[in-house]
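Participant: coords below, sequence missing:
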């Protein structure tokens, strides 16, 4: 007890000494030197005349002070503002090319420490001691042992043997679903005759500039492969295929659930989105693709197709949603349950790896599209630009948060190869235009309660192909995009979050208050699955075990979500506070494991939490094709008053909304606010609202 009191007194005296030193423009001479692994820091431009300085300690600090000089003069000293686990300060009135020298004093377990000095140039890039840009790297880098690159000169038998060996290891739902195996199969331009069965945590992609540059004579297949699946594909998660053409005899089967996107695929035949035995599949995503034949959903419960072309469509269970898709069915919700928008208001297709004519690796960056319809490559090459791989740091086995942050601070993009990466500090993406491209479901696991990644409020950051798996100590947020309260617009070059997935529990007993926070204005959220696990390894799932309040919180204005899957969170699955938000397709299941009604009451006193809540002060929001389902199997007496909660404002409109009680386990009493019928008792029949208000 005496030791605790003395440490508090010591900290107070140290803080007073620092304040005294600041008044007289002096640096603190009493502080010890900082350890470089105690913290991460960044400096990011906020418009033409401001910089935001961020300090993130690994262990919580009771205070952090920043000292800075502009142009080598007039030292300033400020106590930084705490925002979650980080500390921030904005410096204003900076001229172009102004040099800001800055350093920090922070508390750790009582004593305080001084960091080295860092330099930032307004308009000159990120802080962190370097504004020189990414050092030159190889444009034909080693992609590590979990990436397999095939070329048409290899024998079909050799390629098939490798694919079969991977599938045997990553096929089984019981053993592979929560394994740490990760793999990517990349095909150089050419023609291949193979049968590619795609297992867990597997990415399949062509390395051509356009889908037709790589042709598979055969199939790229996902099915209910295992006897234990009993013909059911509702756990076919975490796999993907993109940027290739398929010549499939008898059609190509892609029977999946969430986090299993098909992108930039040219299917020269039919596409079957259901298991061969017609068992259930649950949720899926198709974008920037062409299906020459018929796409059939059959037993697929919900599906979203964006910016594509179909020879035809057949089927529909609860909500089949299309935007910008030629050949899509007419808008007929709820009978048949098809929701169709002629165009996608704003979209930008994903960055992808390709090989140029000289055999060098490059990453293509598709251009922003407004009111898009059809594949971006329908008239030839996709519009956009490309970056050489020598501008990327290749993340692979052995990399840590320190090595990754060092690469980001130098100005590098990230190419993240298949693997599981534990983080002892937050990854800070601070440079405008940074690309973080993952293949093979690379997984970031934050340790010690740190947030996994933060993206500064800058233009044009692109995140694609990542899995965030919560650690066993609660994180405030797994991914945060932008700064709270920002007024900066990014309509011309927004940040995009695409094929980015979040998991709370399942493999480990993960905890995170919120999975994704979007503060940046104009951001695009395109195919995310935020999942608080309802099943998994023993000891990793339970009401008090894998705790998580919210899947997605949107605070930015003019944010667009295309393909939003959020499930099982313990409070509002989605909270949307920003103005002018738009969502096309939302799929949700409420938490299964609510122990009793008293444990699940909203702040307004109603039973349960809405799955999708639009903030009370929002005056403009529009959404299409929304579904929320309950399955209160722990206690079927539990109910939710409504699944969707929105303010009464003329500019807030919902289209084609439904609720379902799966197997009659529990009840949702209303669909939107006080509107809509209760879910029927004892049957899995939806309650529909075509338009609200």
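Facilitator: Thanks, I have it. Predicted model only: the values in this text are computed from it and were never measured. Numbers count the residues shown, from 1 in each chain.
Participant: ranges for the strands of the stretch 201-350 of the chain?
Facilitator: Ranges of strands in the stretch 201-350 of the chain, per DSSP state E, counting those that start in this stretch, are 202-206, 214-217, 219-221, 239-247, 252-253, 262-267, 271-272, 285-287, 290-296, 302-314, 319-326, 338-341, 344-348.
Participant: In terms of secondary structure, what does the third one contact?
Facilitator: Right, strand 219-221. strand 195-197, strand 239-247, strand 252-253 (3 or more CB pairs under 8 Å, 6 or more residues apart in numbering; DSSP states H and E). Heads up, the C-betas are built off the backbone N, CA and C, glycines and all.
Participant: Any idea what residue 309 is bridged to?
Facilitator: Taking DSSP bridges as the rule, residue 309 bridges to residue 290, residue 326.
Participant: swap in the one 5 residues further on?
Facilitator: Here residue 314 sits in beta bridges with residue 296, as judged by DSSP bridges.
Participant: what do you get for residue 675?
Facilitator: residue 672.
Participant: Compare the helices and strands packed on strand 219-221 and give me the one nearest residue 207.
Facilitator: strand 239-247 (7.7 Å; CB to CB).
Participant: Now for residue 147, how many residues are close by?
Facilitator: For residue 147, the count of nearby residues is 21 (other CB atoms under 10 Å).
Participant: so it touches residue 202, yeah?
Facilitator: No - counting by CB atoms under 8 Å, residue 147 does not reach residue 202; the two are 11.4 Å apart.
Participant: Which residues are in contact with the closest residue to residue 429 other than its chain neighbours?
Facilitator: Distances taken as CB to CB, 6 or more residues apart in numbering put residue 455 closest to residue 429, at 4.5 Å, once the chain neighbours are dropped. Shown in contact with residue 455 (CB atoms under 8 Å, 6 or more residues apart in numbering): 429, 461, 463, 479-482, 495, 520.
Participant: how about a cut-off of 6 Å?
Facilitator: 429, 461, 481 (CB atoms under 6 Å, 6 or more residues apart in numbering).
Participant: what's the spacing between residue 676 and residue 683?
Facilitator: As judged by CB to CB, to the nearest Å, residue 676 and residue 683 stand 16 Å apart.
Participant: Settle it for me: which of these two has more neighbours?
Facilitator: Neighbours per residue (other CB under 10 Å) separate residue 676 from residue 683, with residue 676 holding more: 21 against 10.
Participant: what about the closest residue to the more buried one other than its chain neighbours, how many neighbours?
Facilitator: Nearest residue to residue 676, sequence neighbours excluded (CB to CB, 6+ apart): residue 689, at 4.6 Å. Each residue near residue 689 was counted by other CB under 10 Å, and the total is 23.
Participant: now residue 689, what's its secondary structure?
Facilitator: Taking DSSP: H, G, I helix; E, B strand; the rest coil as the rule, one finds residue 689 in the strand state.
Participant: before we move on, what about residue 158?
Facilitator: Applying three-state DSSP: residue 158 is helix.
Participant: Count the residues that sit near it.
Facilitator: Around residue 158 there are 10 residues (other CB under 10 Å).
Participant: Do you know the pLDDT at it?
Facilitator: Residue 158 is assigned 98 on the pLDDT scale.
Participant: ok, residue 569 - contacts?
Facilitator: Residue 569 neighbours (CB under 6 Å, 6+ apart): 532, 548, 550-551.
Participant: ditto for residue 218
Facilitator: Applying CB under 6 Å, 6+ apart to residue 218 gives the contacts 193-195.
Participant: Just the buried subset of those residues, please.
Facilitator: When the contacts of residue 218 are checked for burial by 16 or more other CB atoms under 10 Å, the buried set is residue 194.
Participant: The contacts of residue 218 into JSON lines, with extra columns for distance to residue 299 and pLDDT?
Facilitator: Shown next, in JSON lines, are those (distance: CB to CB, whole Å; pLDDT from 0 to 100):
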{"residue": "193", "distance to residue 299": "30", "pLDDT": "98"}
{"residue": "194", "distance to residue 299": "28", "pLDDT": "98"}
{"residue": "195", "distance to residue 299": "23", "pLDDT": "98"}
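Participant: Pipe the contacts of residue 218 into CSV and attach distance to residue 400 per row.
Facilitator: Shown next, in CSV, are the contacts of residue 218 (distance: CB to CB, whole Å):
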residue, distance to residue 400
193, 42
194, 36
195, 39
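Participant: Looking at the contacts of residue 218, spot the one nearest residue 394.
Facilitator: Nearest member of the contacts of residue 218 to residue 394, counting by CB to CB, is residue 194, at 26.3 Å.
Participant: picking that back up, out of the helices and strands packed on strand 219-221, nearest to residue 46?
Facilitator: Comparing these by CB to CB, strand 239-247 comes nearest, at 34.5 Å.
Participant: ok, residue 557 to residue 521 distance?
Facilitator: 5 Å.
Participant: These two - which one has more neighbours?
Facilitator: Counting neighbours by other CB under 10 Å for residue 557 and for residue 521 shows that residue 521 has the greater number, 23 against 19.
Participant: show me what contacts that one?
Facilitator: By CB under 6 Å, 6+ apart, the contact set of residue 521 is 489-490, 556-558.
Participant: where do the helices sit along the stretch 301-450 of the chain?
Facilitator: 401-409 (DSSP state H, counting those that start in this stretch).
Participant: I should have written the stretch 1-150 of the chain there, sorry.
Facilitator: Under DSSP H, counting those that start in this stretch, the stretch 1-150 of the chain gives helices at 2-23.
Participant: coming back round to it: between the strands of the stretch 201-350 of the chain, which one is closest to residue 44.
Facilitator: Of the strands of the stretch 201-350 of the chain, the one closest to residue 44 (CB to CB) turns out to be strand 344-348, at 21.7 Å.
Participant: before we move on, which element is the residue nearest the centre of the chain in?
Facilitator: With distances taken as CA atoms, centre = their mean, the residue of the chain nearest its centroid is residue 500 (2.8 Å). Per DSSP states H and E: residue 500 is located in strand 496-504.
Participant: Let me know the next secondary structure element after that strand.
Facilitator: Next along the chain after strand 496-504, with elements defined by DSSP H and E, is strand 512-518.
Participant: what angle do that next one and strand 496-504 make?
Facilitator: With axes from the mean of the first three to the mean of the last three CA atoms, to 10 degrees defining the directions, strand 512-518 sits at 170 degrees from strand 496-504.
Participant: what's strand 512-518 packed up against?
Facilitator: strand 475-481, strand 550-554 (3 or more CB pairs under 6 Å, 6 or more residues apart in numbering; DSSP states H and E).
Participant: Could you check the pLDDT of the nearest residue to residue 169 once chain neighbours are set aside?
Facilitator: If the residues on either side of it in the chain are set aside, residue 169 comes closest to residue 181, at 6.2 Å by CB to CB, 6+ apart. Reported pLDDT at residue 181 in the predicted model: 98.
Participant: Helix, strand, or coil at residue 181?
Facilitator: Applying three-state DSSP: residue 181 is coil.
Participant: Just confirm it contacts residue 171, I think it does.
Facilitator: No - if you go by CB atoms under 6 Å, residue 181 and residue 171 don't touch, sitting 10.7 Å apart.
Participant: Good, wrapping up.
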